[in-house]
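Chemist: take a look and give me a structure for this.
(one chain, ligands or ions: 2)
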Amino acid sequence: MPAADLTRAALSAARVWLVGGGKMGGALLTGWLDHGVAPDNVTVIDPGLDQGPHGVRLAADPAAPLAEGPAPDVLLLAVKPQVMDSVLPAYRALGGGPTVVLSVAAGRLIAGFETAFGPGTPVVRSIPNTPAAVHRGMTVACANGHVTDTARATCEALLGAVGDIAWVTDEALIDAVTAVSGSGPAYVFWLTECMTQAGIDGGLPADLAARIARATVCGAGALMDASPEDPATLRRNVTSPNGTTAAALEVLMQESGGLGPLMSRAVAAATQRSQDLAG
Ligand SMILES: NC(=O)C1=CN([C@@H]2O[C@H](COP(=O)(O)OP(=O)(O)OC[C@H]3O[C@@H](n4cnc5c(N)ncnc54)[C@H](O)[C@@H]3O)[C@@H](O)[C@H]2O)C=CC1
Ligand SMILES: O=C(O)[C@@H]1CCC=N1
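Modeler: Ligands and ions are numbered 1, 2, ... in the order given. Next comes the predicted model:
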């Protein structure tokens with residue numbers, strides 16, 4: 001069967017329990033339902049939700065799903081890292097395989113899930129991002145030695161249904177991944193907010209400043225997506241010698257150390273926080 005058909009088959013057959021239907025879990029769910037996951041194969045377990053998308057089973061805790069079955073192919077953990085330890089014991093019965101424990105939690109180590117679910121449990125630690133809701137997510141994942149090819153293909157189909165996916169074998173890389181692509185959308189939104197404020201400071205009406213800042217960030221992203229050129233070439237294409245962009249970039253690159261080192265410090269701080277969340 002061609003790979004695309006295999007992916008579609010894996011998606012339509014995958015039984016998923018989503019533990020935590022908040023911002024990240026909800027973004028994944030929206031993307032899945034738009035891209036071939038069957039609603040009646042999805043159970044969302046979240047005490048904070050009183051309704052979910054049409055056709056999806058909703059539960060406040062795992063008691064009813066565990067009693068009613070069937071066990072999921074994938075148990076996707078999308079609760080905050082800080083509550084993970086209190087959430088896991090209720091799902092212990094799913095440990096030992098074949099259910100794959102698929103975490104999207106920042107910081108939480110594969111070893112911690114192996115301990116919580118017992119020997120032989122297939123575990124995938126991943127970091128997606130919220131553009132998954134519009135099929136533009138970026139996920140990086142790392143599997144333990146109990147993840148079979150079939151289980152890996154199911155995880156790849158689920159995470160790949162909402163955007164791009166890359167696998168790494170070195171789990172330690174996931175902290176820096178979290179800092180770049182997991183948290184990264186927030187940096188871009190903050191840049192947009194800063195551009196808006198800069199426009200207002202420059203005398204623009206607030207609604208016009210917000211409109212042109214947003215359109216510029218979205219337009220630049222779309223151009224970068226569509227173009228074969230690298231970002232540095234695209235930047236140079238905007239920058240006339242001795243022109244307006246050059247004047248701005250001199251500030252961004254030189255003043256107070258420049259944006260590059262500042263971004264590196266921001267990513268280092270997020271990486272450190274991810275390491276700290278390991279507990
Ligand atoms: N928001 C983001 O951009 C990203 C988040 N993540 C990870 O995703 C996870 C969730 O983060 P968010 O969605 O941002 O948080 P959130 O607070 O929006 O969602 C967490 C959800 O968990 C639910 N919850 C709390 N206790 C529960 C329990 N015992 N059982 C089931 N559900 C329970 C809450 O009601 C809430 O809906 C975190 O571990 C975070 O590190 C990973 C990548 C990106
Ligand atoms: O801020 C956080 O901890 C989560 C993980 C990556 C994005 N949001």
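
Chemist: name the SS class of Met138, please.
Modeler: Of the three states, Met138 takes strand under DSSP: H, G, I helix; E, B strand; the rest coil.

Chemist: next, count neighbours for the nearest residue to it once chain neighbours are set aside.
Modeler: Nearest non-adjacent residue to Met138, counting by Cβ to Cβ, 6 or more residues apart in numbering: Ser181, 4.5 Å away. For glycine as for every other residue, the C-beta is placed from the backbone atoms N, C-alpha and C. By other Cβ atoms under 10 Å, the residues close to Ser181 number 20.

Chemist: just checking, Ser181 touches Ser126?
Modeler: No: taking contacts as Cβ atoms under 8 Å, Ser181 lies outside contact range of Ser126: 11.0 Å.

Chemist: which residues do the two both contact?
Modeler: Shared contacts of Ser181 and Ser126, defined by Cβ atoms under 8 Å, 6 or more residues apart in numbering, comprise Val140.

Chemist: tell me who's in contact with the residue nearest to Met138.
Modeler: Ile127, Asn129, Met138, Val140.

Chemist: out of those, who's nearest Ser12?
Modeler: Nearest to Ser12, judged by Cβ to Cβ, of those is Met138 at 23.7 Å.

Chemist: so the residue nearest to Met138, which of the three states?
Modeler: Under three-state DSSP, Ser181 comes out as helix.

Chemist: could you pull out the strands for the stretch 51-200 of the chain?
Modeler: Along the stretch 51-200 of the chain, counting by DSSP state E, counting those that start in this stretch, strands occupy 57-59, 74-77, 100-103, 123-127, 137-143, 163-167.

Chemist: please identify the deepest-packed of the ones you listed.
Modeler: strand 100-103 (a mean of 28; mean count of other Cβ atoms under 10 Å).

Chemist: re the thing from before, output the strands of the stretch 51-200 of the chain in a markdown table; the columns should cover mean pLDDT and distance to Asp46.
Modeler: Shown next, in a markdown table, are the strands of the stretch 51-200 of the chain (pLDDT from 0 to 100; distance: least, Cβ to Cβ, whole Å):
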| stretch | mean pLDDT | distance to Asp46 |
| --- | --- | --- |
| strand 57-59 | 95 | 8 |
| strand 74-77 | 98 | 12 |
| strand 100-103 | 98 | 16 |
| strand 123-127 | 98 | 19 |
| strand 137-143 | 98 | 20 |
| strand 163-167 | 97 | 23 |
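
Chemist: quick one: Pro47 and Asp61 touch, right?
Modeler: Yes: the criterion here is Cβ under 8 Å, and Pro47 meets it with Asp61 at 6.5 Å.

Chemist: out of those two, which sits in the more crowded spot?
Modeler: Between Pro47 and Asp61, counting by other Cβ under 10 Å, Asp61 is the more crowded of the two (13 against 9).

Chemist: pull the contacting residues for the more buried one.
Modeler: So, once contact is read as Cβ under 8 Å, 6+ apart, Asp61 ends up touching Ile45, Pro47, Ala90.

Chemist: show me what whichever helix in the chain runs longest packs onto, helices and strands only.
Modeler: Longest helix in the chain, counting residues (DSSP state H): helix 206-226. Counting contacts by 3 or more Cβ pairs under 8 Å, 6 or more residues apart in numbering; DSSP states H and E, helix 206-226 packs against helix 184-201, helix 231-238.

Chemist: close to ligand 1: what parts of this structure are there?
Modeler: 19-25, 45-48, 78-81, 83, 87, 104-106, 127-130, 182 (Cβ under 6 Å from any ligand atom).

Chemist: what number of residues lie near the closest residue to Leu277 other than its chain neighbours?
Modeler: Excluding the flanking residues, the one nearest Leu277 by Cβ to Cβ, 6+ apart is Gly107, at 2.6 Å. Using other Cβ under 10 Å, Gly107 is surrounded by 21 other residues.

Chemist: closest residue of the stretch 151-279 of the chain to ligand 2?
Modeler: Nearest to ligand 2 in the stretch 151-279 of the chain, going by Cβ to the nearest ligand atom, is Gly182, at a distance of 3.4 Å.
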